[in-house]
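[1] give me a model of this one.
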Amino acid sequence: MGVNNKLFSIILIGLLGSSALLSILFAMDVVGEGILITWCYVLIGIAVVVTLAFSVIGMATDLKKAKSALIGVVALVVICGIAYVLSGNEVHSNMDGDILADAGISQVSEGGLIAFYILGVIAVGAIIFAEISKAFK
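    Residues are numbered from 1 along each chain as shown. The predicted structure is shown next:
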């Protein structure tokens, strides 16, 4: 484990140093914002890959946690599916007649809002249930 920690520290220092160098070069107007935005995308991509990799490794080592995580993912997919089915697909346009959202984009965005509302109600309900059940213990 010591070798991995040293390797991770070297990678972290390299990424932080590169970010600091790019920030300084941007402040001195040597590089443009395009390079800085691309670097941010690279860092986000690295974070996503590392997060997914460690999640899969963690689930592979403990199958009980993997089952719980899979139940959560399935529940989230079901909620998103229900929200998508409940959403409308109206075409939205402005006063000049320019289309702001076609039927597909409208249905996906409305489905996202409905899913957000459903998950919000579930979260508030879980908080209330936890507090009430704690009061009766």
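[2] okay, CA-based contacts and neighbour counts for the rest of this
    OK.
[3] can you report how many residues lie near residue 88?
    The number of residues packed near residue 88 is 16, by other Cα atoms under 10 Å.
[4] oh sorry, the question was meant for residue 52
    Neighbours around residue 52, by other Cα under 10 Å: 12.
[5] and if you look at residue 107?
    With other Cα under 10 Å as criterion, residue 107 counts 21.
[6] which ones are touching it?
    84, 87, 88, 89, 90 (Cα atoms under 8 Å, 6 or more residues apart in numbering).
[7] ok, and the closest non-adjacent residue to it?
    residue 89 (4.6 Å; Cα to Cα, 6 or more residues apart in numbering).
[8] hang on, that neighbour in a strand?
    No: under DSSP: H, G, I helix; E, B strand; the rest coil, residue 89 sits outside any strand and is assigned coil.
[9] measure it to residue 116 for me?
    18 Å (Cα to Cα, to the nearest Å).
[10] who has more neighbours out of the two?
    Between residue 89 and residue 116, counted using other Cα under 10 Å, the more crowded position is residue 89 (18 against 15).
[11] hmm, back to that, assess the claim that the residue nearest to residue 107 and residue 111 are in contact.
    No: with contact defined as Cα atoms under 8 Å, residue 89 does not reach residue 111; the gap is 9.7 Å.
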